[in-house]
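Novice: Quick check, what structure comes out for this input:
(one chain, ligands or ions: 1)
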Amino acid sequence: MTGEETDTATGDAAAADSMEGLAVRACERCPELVESRSQIVDGVGPADADLLFLGEAPGANEDEEGEPFVGRSGSILDDALRDAGLARVDVRITNCVRCRPPENRDPTSEELANCRGYLERELGLVDPALVVTLGKVPSEHLLDRSVAVTKEAGDVVDVRLGERSYRVVVSVHPAATLYDGSQRETFFETIARAADIAGVGGDDGGQAGLDDF
Ligand code: SF4
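Specialist: Residues are numbered from 1 along each chain as shown. As a prediction, the model looks like this:
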């Protein structure tokens with residue numbers, strides 16, 4: 001990206017060139033991920049969502065279906081949203097990197113940096129009232145420090161990205177509830193708290209109320 005201008009309000013200029021609205025087209029910045037992906041997995045949900053969930057990277061199911069957080073982790077997220085009076089269609093869900101890493105390894109710092117402009121542009125355009133980071137990688141990516149997610153789950157942090165500031169709630173990854181039952185309550189409470197802070201869901205906010213379930 002040498003020599004390219006930086007648009008701090010909506011992500012870098014190169015990202016803007018490669019995006020049509022909120023969708024990334026034909027990006028090949030990460031050679032290993034280009035090899036391992038079957039498609040680019042963009043964020044889903046309303047372009048003006050108040051609540052945005054940020055995961056790490058697409059896994060096998062996401063790569064196949066072209067949507068973030070499907071499969072078992074997605075079901076747990078759906079359950080927690082429903083408990084908070086929300087549905088998946090009410091929120092935006094996206095990832096730090098948009099292509100599946102080989103053998104589900106963590107994205108490298110270079111890959112995270114390569115995809116950062118797309119994420120910042122998406123955040124700038126959606127302009128959510130609250131971002132929820134799902135797990136260690138997205139939490140550390142946004143907070144730019146080491147994060148102990150089980151200890152910090154539910155904490156609210158203001159994060160500055162370029163000229164904008166975002167309110168962020170740290171959360172454990174939904175899959176953590178599969179390996180450690182005690183994390184289920186933590187996860188569900190965090191999502192309910194996030195919905196409350198964003199002013200959505202419950203009995204008085206969300207587009208899909210509890211009556212829908
Ligand atoms: S992860 Fe992001 S930057 Fe890397 S190839 Fe995919 S879309 Fe491009």
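
Novice: Give me the local confidence score for the residue nearest to V70 when sequence neighbours are not counted.
Specialist: Of all residues not flanking V70 in the chain, N61 sits nearest, at 4.8 Å (CB to CB, 6 or more residues apart in numbering). Any C-beta I mention is one placed from the backbone N, CA and C, and that applies to glycine too. Looking at N61, its pLDDT reads 95.

Novice: okay, stretch 107-119 in CSV with CA atoms only?
Specialist: What follows is stretch 107-119, C-alpha atoms only, in CSV (Å, rounded to 0.1, in the frame of the first residue of the first chain):
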residue,chain,number,x,y,z
PRO,A,107,-4.6,-15.3,10.7
THR,A,108,-1.1,-13.9,10.8
SER,A,109,-0.4,-10.3,11.8
GLU,A,110,0.4,-9.6,8.1
GLU,A,111,-3.0,-11.0,7.0
LEU,A,112,-4.8,-9.1,9.7
ALA,A,113,-3.1,-5.9,8.5
ASN,A,114,-3.9,-6.7,4.9
CYS,A,115,-7.6,-6.9,5.7
ARG,A,116,-7.7,-4.1,8.2
GLY,A,117,-8.7,-1.4,5.6
TYR,A,118,-11.8,-3.4,4.6
LEU,A,119,-12.8,-3.7,8.3
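
Novice: and it, does that touch the ligand?
Specialist: Yes - applying CB under 6 Å from any ligand atom, one finds stretch 107-119 in contact with the ligand at 111, 114-115, 118.

Novice: Spit out the contact partners of the residue nearest to V70.
Specialist: 70-71, 74 (CB atoms under 8 Å, 6 or more residues apart in numbering).

Novice: Mind checking which of those residues land in helices?
Specialist: 71, 74 (DSSP state H).

Novice: circling back to that earlier point, so where does the residue nearest to V70 fall, helix or strand?
Specialist: helix 60-65 (DSSP states H and E).

Novice: Do any residues in that helix lie close to the ligand?
Specialist: No - interface with the ligand: helix 60-65 contributes nothing (CB under 6 Å from any ligand atom), its closest point being 11.1 Å away.

Novice: Tell me how far the spatially most central residue of the chain lies from the ligand.
Specialist: Centroid-nearest residue in the chain, with CA atoms, centre = their mean: L54, separated by 1.3 Å. According to CB to the nearest ligand atom, to the nearest Å, L54 and the ligand sit 14 Å apart.

Novice: which outside residues touch the longest strand seen in the chain?
Specialist: As assigned by DSSP state E, the longest strand anywhere in the chain is strand 164-171. If you take CB under 8 Å, 6+ apart as the criterion, strand 164-171 is touched by 8-9, 123-124, 128-135, 139, 142-143, 147, 149, 152-160, 187, 190-191, 193-194, 197.
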